[in-house]
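Participant: only the shape, not the letters, is given here:
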Ligand code: F6P
């Protein structure tokens with residue numbers, strides 16, 4: 001009698017980013033070709049498991065062509081709302097964890113690969129611990145703030161897009177003698193601003209990790225003008241605070257607060273202090289959609305293959321990571337416990353300072 005094939009569940013959770021489909025392709029291809037497993041896609045993160053029957057997509061290898069590798073978003077859908085342990089309903093918060101675990105068991109799944117950021121990975125670990133689920137996590141987030149990994153899927157593409165935005169803003173800034181302010185994402189960390197600011201030739205990079213003095217920013221821009229250059233590029237991370245230490249955010253119709261607006265605040269102050277013409281661009285979700293960069297495709301593919309190998313070797317409760325030019329895995333607890341923001345004594349802050357970029361301090 002042939003041994004029944006193992007069943008692997010796969011889900012994407014949290015905000016989408018470029019490269020998620022490349023992960024899906026790698027997981028399905030390797031799990032099927034190398035180990036003969038069936039891979040079941042769970043729709044919209046763990047939400048798909050709440051329903052009876054669970055919302056799923058069978059993932060067959062013949063659909064895993066290179067078109068998927070290039071495609072933005074996630075074919076499984078995702079959600080960044082509603083912690084299943086305290087899920088908001090019109091009548092209050094309810095714990096849906098038992099329903100999710102029941103859904104997982106109902107599908108007859110032997111193991112799970114969850115692709116998510118720090119929040120999603122913490123939730124998935126709690127569910128896995130409670131339900132005895134063999135879980136391996138893959139880090140994804142444009143913010144690149146997941147601990148224990150140098151790179152998360154989606155970050156490289158977001159940096160490329162923000163860099164391209166600076167490339168496009170520079171000629172129009174020069175044509176009109178303007179200061180261009182570009183607000184980029186990064187909920188708590190300034191990695192996108194720092195990396196694309198260096199790559200895109202920003203004059204000022206403001207990140208939540210370095211408190212800024214607007215007088216220093218204005219002085220830097222004025223010096224550039226005195227020295228004969230008629231334009232400046234300023235990149236601001238959305239998590240930068242106002243003078244009083246407040247993050248600028250808006251409450252949306254789902255009652256969630258989301259960051260946005262610090263670019264306008266900084267831009268107004270620069271306009272006043274430098275008597276300059278300022279324009280502000282908020283890049284927003286453009287950073288998350290579209291085709292993944294080559295680097296994201298490579299990292300996503302390597303992480304997908306490695307996650308499958310971990311499970312095949314009987315390893316679980318691990319997160320795949322990218323470190324020292326290698327794909328490795330670490331205990332999930334280690335990844336969740338260590339948040340990764342911009343290192344103040346790290347090489348990129350030194351690079352920016354070496355290039356004479358004003359970091360606001
Ligand atoms: O965490 C990823 C991220 O894109 C942040 O950079 C941003 O603040 C947030 O998600 C936006 O969330 P939403 O998709 O709910 O607008």
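Facilitator: Nice, thanks for sending it over. Given the structure is predicted, the values throughout are model-derived calculations rather than measurements.

Participant: list the contacts of the residue in the chain positioned nearest to the ligand.
Facilitator: When distances are taken as CB to the nearest ligand atom, the chain reaches nearest to the ligand at residue 185, 3.3 Å away. To be clear about C-beta, it is placed using only N, CA and C from the backbone, and glycine gets the same treatment. Contact partners of residue 185, counting by CB atoms under 8 Å, 6 or more residues apart in numbering, are 142, 143, 158, 192, 237, 238, 259, 283, 284, 287, 288.

Participant: next one: phi and psi at it?
Facilitator: Here the main-chain torsion angles of residue 185 (degrees, to the nearest 10) amount to phi -80, psi 180.

Participant: please apply the same query to the one 5 residues further on.
Facilitator: When quoted as degrees, to the nearest 10, the phi and psi of residue 190 stand at phi -100, psi 20.

Participant: any idea which helix or strand comes after the lowest-mean-pLDDT helix or strand in the chain?
Facilitator: Every helix and strand in the chain was compared by mean pLDDT, DSSP states H and E; the lowest is strand 87-89, with a mean of 89. Sequence-wise, the next helix or strand beyond strand 87-89 is strand 92-94, with elements assigned using DSSP states H and E.

Participant: for that following strand, which outside residues touch it?
Facilitator: The set of residues external to strand 92-94 that reach it, using CB under 8 Å, 6+ apart, is 86, 87.

Participant: what packs against whatever helix or strand comes next after it?
Facilitator: Using DSSP H and E, the next helix or strand after strand 92-94 towards the C-terminus is helix 97-106. Here helix 97-106 is seen to pack against helix 118-131 when contacts are counted using 3 or more CB pairs under 8 Å, 6 or more residues apart in numbering; DSSP states H and E.

Participant: any idea which helix is longest in the protein?
Facilitator: If you go by DSSP state H, the chain has its longest helix at helix 155-176.

Participant: give me the three-state assignment for residue 29.
Facilitator: Recorded secondary structure, residue 29: helix (DSSP: H, G, I helix; E, B strand; the rest coil).

Participant: what's the closest non-adjacent residue to it?
Facilitator: Closest residue in space to residue 29, ignoring its immediate chain neighbours: residue 64 at 5.0 Å, by CB to CB, 6 or more residues apart in numbering.

Participant: can you check residue 242 too?
Facilitator: Counting by CB to CB, 6+ apart, residue 242 lies nearest to residue 265, which is 5.8 Å off, once chain neighbours are set aside.

Participant: count of neighbours near the residue nearest to residue 291 when sequence neighbours are not counted?
Facilitator: Take residue 291 and drop its neighbours on the chain: the residue closest to it by CB to CB, 6+ apart is residue 70, 5.4 Å away. Other residues lying near residue 70 total 15 when counted by other CB atoms under 10 Å.

Participant: same question for residue 36.
Facilitator: The number of residues near residue 36, taken as other CB under 10 Å, comes to 11.

Participant: can you pull the contacts of it?
Facilitator: Counting by CB under 8 Å, 6+ apart, residue 36 makes contact with residue 5.

Participant: repeat for residue 166
Facilitator: 182, 196, 197, 199, 200, 201, 202, 233, 235.

Participant: give me the phi and psi for the closest residue to residue 282 other than its chain neighbours.
Facilitator: For residue 282, ignoring the flanking residues on the chain, the nearest one in space by CB to CB, 6+ apart is residue 183 at 4.6 Å. Listed backbone geometry of residue 183 is phi -90, psi 120, with angles given as degrees, to the nearest 10.

Participant: among the contacts of residue 166, which one lies nearest to residue 21?
Facilitator: Taking CB to CB as the measure, residue 21 lies nearest residue 196 of the contacts of residue 166, at 23.1 Å.

Participant: among the contacts of residue 166, which are in helices?
Facilitator: Counting by DSSP H, the members of the contacts of residue 166 that fall within helices are 196, 197, 199.

Participant: most neighbours of all those residues, which one?
Facilitator: residue 197 (32 neighbours).

Participant: name the nearest residue to that residue, ignoring sequence neighbours.
Facilitator: In space, residue 197 is closest to residue 205, 3.7 Å off (CB to CB, 6+ apart).

Participant: and the one you found, what pLDDT?
Facilitator: Per-residue confidence for residue 205 comes out at a pLDDT of 98.
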